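Visitor: Got a predicted structure plus its sequence, pasted below:
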Amino acid sequence: MKKQIKKLLSLMLVLSLLLTAAGCSNPTAGKPESKSAGKVLLAVSFGTSYNDNRDLSIGGIEEALKKAYPDYEIRRAFTSQIIIDKLKSRDNLVIDNVTEAMERLVADGVKEVVIQPTHIMNGFEFDDIVNEVSAYKDKFESFKFGKQLLASDADFEEVVSVITDETKSYDTDGTAIVFMGHGTEHAANEVYAKLQQYITDAGHKNYFIGTVEAEPDLDEVVALVKESGAKKVVLLPFMIVAGDHANNDMAGDEEDSWKTRFENEGFEVEAVLKGIGQYAGVQNMIVKHAGETIAQ
């Protein structure tokens, strides 16, 4: 028995010496694993504090990018500091703003970076992203910036195809399908009128788009829906996420919500809380834009 114990102790001593020698010969032993200094695709979104919808919309876009470009590490940044602060305070969830994300890329020694906004238009938020990331352009071997969702006439045509296909189950006689966009004082707000024209030209006479904070406003949309002769209205957000505007301004029970306004006008109303970032077709468009940027 004593011989077996001595033998076991001797074996343990030999193993210990071998492990110590291996540690001394490896300069990284005991150190945290260094991050890849390769290629990163930074997906920049406005953000939302609605966790479930964030996972389905922004998360869905990021997953699509990950599957399409496995050679790139997919990272996230939000442009809304209010949302970032709320998520940190409420959920202890830390998400970088654009500057923090860029600083992290530099600190991690990333060589190639592609910035892909998930924004619908090149409005104020988009301009801010361009200004923030441009300061870091010379810190990478390769620096590329992607396009917004609606960047070309082909994009408008494709979005019309995507949103009408996604909502075809609601497209019945006597039903108006109404999308609520955000709206902006930026000149880019013209995308809503342009999109409405593309929708109408494609033969979808019962599809309408308005905005919360600009033109066309709710009064204009209500008048058009009345003119169409519809009896029912299906409300959907024309926003990447179904966040605060969709849940409150569109589908809320307050007197000034779109749902209440249409109900008061005598319409049957159904509200659908699904951001367009959940649409596979929209995800594919953003993936395609990223691919076009990578190929430049």
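Guide: Received the coordinates, thanks.
Visitor: what number of residues lie near A101?
Guide: 23 (other C-beta atoms under 10 Å). Just so you know, the C-beta spots here come from the backbone N, C-alpha and C atoms, and that holds for glycine as well.
Visitor: wait, isn't it in contact with L41?
Guide: No - A101 lies out of contact with L41 (C-beta atoms under 8 Å); the separation is 11.6 Å.
Visitor: any shared contact partners between those two?
Guide: R75 (C-beta atoms under 8 Å, 6 or more residues apart in numbering).
Visitor: Low-confidence regions, the stretch 1-150 of the chain specifically.
Guide: 1-37 (pLDDT under 70).
Visitor: for it, what spans make up the helices?
Guide: Taking DSSP state H, counting those that start in this stretch as the test, the helices found in the stretch 1-150 of the chain are 2-25, 51-56, 58-68, 81-91, 98-107, 124-134.
Visitor: So for the last one, what gets flagged as buried?
Guide: Right, helix 124-134. E125, F126, I129, E132, V133 (16 or more other C-beta atoms under 10 Å).
Visitor: tell me the SS of F179?
Guide: At F179 the chain is in strand, as set by DSSP: H, G, I helix; E, B strand; the rest coil.
Visitor: Roughly how far does it sit from L235?
Guide: Distance, F179 to L235, using C-beta to C-beta, to the nearest Å: 8 Å.
Visitor: higher neighbour count, those two?
Guide: Neighbours of F179 and L235, each counted by other C-beta under 10 Å, are more numerous for F179; the result is 24 against 21.
Visitor: Pull up the gap between that one and V234, please.
Guide: Applying C-beta to C-beta, the value for F179 to V234 is 10 Å.
Visitor: residues making contact with stretch 245-264?
Guide: 50, 178, 180, 182, 212, 218, 222, 225, 233, 235, 237, 239, 269, 271, 273, 275.
Visitor: Count the residues that sit near the fourth one.
Guide: Using other C-beta under 10 Å as the criterion, H182 is surrounded by 21 other residues.
Visitor: isn't it right next to M239, touching?
Guide: Yes - contact criterion C-beta under 8 Å: H182 and M239 qualify, at 5.9 Å.
Visitor: I'd like the buried residues of helix 124-134 laid out as TSV, including distance to D165.
Guide: Shown next, in TSV, are the buried residues of helix 124-134 (distance: C-beta to C-beta, whole Å):
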residue	distance to D165
E125	27
F126	26
I129	29
E132	35
V133	33
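Visitor: For stretch 177-197, buried residues please.
Guide: 177-184, 186, 188-189, 191-192, 195-196.
Visitor: Next, the buried residues of stretch 92-99.
Guide: Within stretch 92-99, the residues scored as buried using 16+ other C-beta under 10 Å are I95, D96, N97, V98.
Visitor: what does stretch 210-217 give?
Guide: Quick answer for stretch 210-217 (16+ other C-beta under 10 Å): G210, T211, V212, A214, P216.
Visitor: For that stretch, which outside residues touch it?
Guide: So stretch 210-217 is contacted by 178-185, 189, 192-193, 196, 209, 218, 220-221, 245, 249-250 (C-beta under 8 Å, 6+ apart).
Visitor: from those, which ones fall inside helices?
Guide: Y192, A193, Q196, L218, E220, V221 (DSSP state H).
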